[in-house]
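Trainee: return atomic coordinates for the entry below.
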Amino acid sequence: MTATQHPDLPVLEPTPGWATPITSRRALLDTDFGQMHVRMTGDPDHPAPPLLLVHQTPSSSREWMRAAVRLGPRRCIVPDLMGLGFSDPAPHAMSLSDHATAVLQAVSELTGEWVAIGHHTGAVVATAVAGAQPAATTGLGIIGYPLYDGWRVRYERLSNCTAAHYDEDAVADLWRRTASSYADGVAEDVVLEAVSDKLLAGVVWYGTYVALWTSDLVEVARRAAGRPAVVLAPEGDGLSRFAPRVAELLGARLVPMAGGARILTDDPDAVVGALAPLLGS
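Mentor: Numbering: from 1, shown residues only. Below is the predicted model of the structure:
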């Protein structure tokens, strides 16, 4: 496996709401499924294991960057899942194991151990990574693990995975629905970022969802048990109703908190604070 990296070409990414812009490096890393786009922040020589931050669907690594900058020198590795963000399109229908393998192949080019942290879809991928490489995963953080464990509800959710077709009206509706999912007063650029990620995902935007709904999510969690773990439960996030059960399966600390499904954007400081038990891992 080889990596195509450009360490001498920092990318300045000013984002509304940050006190100062953050400079992150990017890499395109080879996997068995195509090249994965990865953002990296922090000090490459920081002694603690880096944080592997995995985004939801249909989003990208940009979802995590407001939290990453608040972690200061702590190294963060933030991939775009295959078929999302600036990673290559998925070459075929990928299973959850495939997505975890792609992330593992990419992150293993950069480090030998990590703390895996994921949000929504990314929470399941991060958990699958922990289960596949337990020795290398020194901690696990979960925000919104979608523990739909009955086949009927998973079948129902699969039925919602239909191709997107965008005309002018559809894009305007996408903007309105996306904006309404954030806290009041959200900056226009934040909505633009989320909308553009959804458009980047393309017509078949739901590949990782299919991977989730065709997996045994209880078993995925069980395989990841046995390491320091925290489960964040924002009170306004619908997936927090699963948090106590997920914490039980993982043997994790449950952290109730304010916020909703967009907490990574709405209150990244709260996320970093709630993850504190893992930051020394």
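
Trainee: sheet-wise, list the partners of the host helix or strand of residue 234 with their directions.
Mentor: Per DSSP states H and E, residue 234 falls inside strand 229-236. Next to strand 229-236 in the sheet, as set by DSSP bridges, lie strand 137-143 (parallel), strand 253-260 (parallel).

Trainee: buried residues in stretch 177-187?
Mentor: Of all the residues in stretch 177-187, those buried under the rule 16 or more other CB atoms under 10 Å are 178, 182, 186. To be clear about C-beta, it is placed using only N, CA and C from the backbone, and glycine gets the same treatment.

Trainee: circling back: dump the strands paired with strand 229-236 into a markdown table; add mean neighbour count and mean pLDDT as well.
Mentor: Putting those into a markdown table (neighbours: other CB atoms under 10 Å; pLDDT from 0 to 100) gives the following:
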| stretch | mean neighbour count | mean pLDDT |
| --- | --- | --- |
| strand 137-143 | 27 | 98 |
| strand 253-260 | 16 | 96 |
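
Trainee: dump the strand holding residue 234 to CSV, keeping only the CA atoms.
Mentor: Provided in CSV are the C-alpha atoms of strand 229-236 (Å, rounded to 0.1, in the frame of the first residue of the first chain):
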residue,chain,number,x,y,z
ALA,A,229,-15.0,4.3,26.0
VAL,A,230,-17.5,7.2,26.4
VAL,A,231,-21.0,7.5,24.9
LEU,A,232,-22.1,11.1,24.5
ALA,A,233,-25.9,11.6,24.6
PRO,A,234,-27.0,15.1,23.5
GLU,A,235,-30.5,15.6,24.8
GLY,A,236,-31.9,16.9,21.5
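
Trainee: which SSE is immediately downstream of it?
Mentor: Once strand 229-236 ends, the next helix or strand along the chain (criterion: DSSP H and E) is helix 243-250.
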